[in-house]
Each structure stands twice: as structure tokens, then as C-alpha cells.
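Trainee: Below are the sequence and a predicted model; questions follow.
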Amino acid sequence: MIDTGQVQRILRVGSTTDVGEVVTASQSIIDGITTTYSAEKRDLIGAWIAAHFYSPETLLRKKVGDVENQFAAPKMGSGLSSSKYGRTALTLDDGGFFSGIGKRAPKMEALGPVEPNSTDTGY
């Protein structure tokens with residue numbers, strides 16, 4: 001199981017910061033992917049994925065008084081590579097089991113009706 005304390009330490013937030021939702025989401029993902037990794041390594045990767053989900057890098061601009069902070073916006077559809085936490089998870093995932101998380105699946109679309117060949121027997 002992913003340790004919430006580990007996720008908080010990765011994010012460098014206090015122990016009162018609630019990361020439960022992202023830990024639950026990450027746990028459901030790593031539980032659904034079959035790997036050859038030990039439970040400890042899966043949980044470590046899961047902690048970095050949870051940090052990726054929590055990552056404040058999605059904030060583009062925040063202004064408080066005269067102080068303004070800007071963050072790099074993640075590229076949508078780029079999966080774990082859109083945050084430093086996700087990139088760390090990918091680095092730990094040397095088998096590539098988690099590399100497709102958050103990426104859009106390619107779509108196939110017919111350009112027109114498909115007519116069977118008259119010699120096609122359907123086998």
C-alpha cells in the first residue's frame with residue numbers, strides 16, 4: 001500500500017495536508033497494472049504517481065497582492081511526463097509498465113464504407 005507520509009515528504013508538505021484522494025487514485029492504477037516489480041517498488045512508483053496527481057504545476061498563474069507566481073502548464077495528453085513527480089515515476093519504472101498512464105489512446109476512423117472484396121470468403 002502507498003504510504004501517505006511518503007507522498008507528503010515527496011511533495012514537501014506538512015503531515016496535515018490531505019493527500020488521501022490522490023493516494024487512492026494512484027493505488028487503483030498501480031493495482032490494475034501487472035508488473036514484475038516487488039510490492040515495495042510498485043508502492044514507491046505509486047507514491048510518485050500520487051504526487052504527480054497532487055502536483056500544483058497545473059496552476060498557470062496566481063497573484064496575491066503585488067506577488068505573482070507562474071507555473072509551467074502541463075501539456076494535456078502527455079501523461080506522467082507533464083510533471084517532475086511523474087517523470088520521476090517514469091524513471092523508476094525501468095520496465096515501462098506505467099508509461100501509458102494519462103496518454104490518450106490513438107483513435108482509428110474509417111474514411112468511408114468498407115466494401116468486402118468479391119473474392120473475400122470472410123475467413
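Mentor: In hand now; what should we look at?

Trainee: avg pLDDT for the longest helix seen in the chain?
Mentor: Among the elements of type helix in the chain, defined by DSSP state H, the one spanning the most residues is helix 39-54. Along helix 39-54, the predicted confidence averages to a pLDDT of 94.

Trainee: Quick one: end-to-end distance for stretch 3-18.
Mentor: Between the opening and closing residues of stretch 3-18 lies a distance of 12 Å (CA to CA, to the nearest Å).

Trainee: quick one: buried residues of it?
Mentor: When neighbours are counted by 16 or more other CB atoms under 10 Å, the buried residues of stretch 3-18 are found to be Thr4, Gln6, Val7, Gln8, Ile10, Leu11. C-beta here means a position set from N, CA and C on the backbone, and glycine is covered the same way.

Trainee: ok so, going back, who are the packing partners of the longest helix of the chain?
Mentor: When contacts are defined as 3 or more CB pairs under 8 Å, 6 or more residues apart in numbering; DSSP states H and E, helix 39-54 sits against helix 4-11, helix 20-31, helix 84-92.

Trainee: low-confidence ranges in the protein?
Mentor: When the per-residue scores of the chain are filtered using pLDDT under 70, the ranges that remain are 56-63, 67-77, 102-123.

Trainee: redo that, cut-off 50
Mentor: Low-confidence regions of the chain, defined here as pLDDT under 50, cover residues 59.
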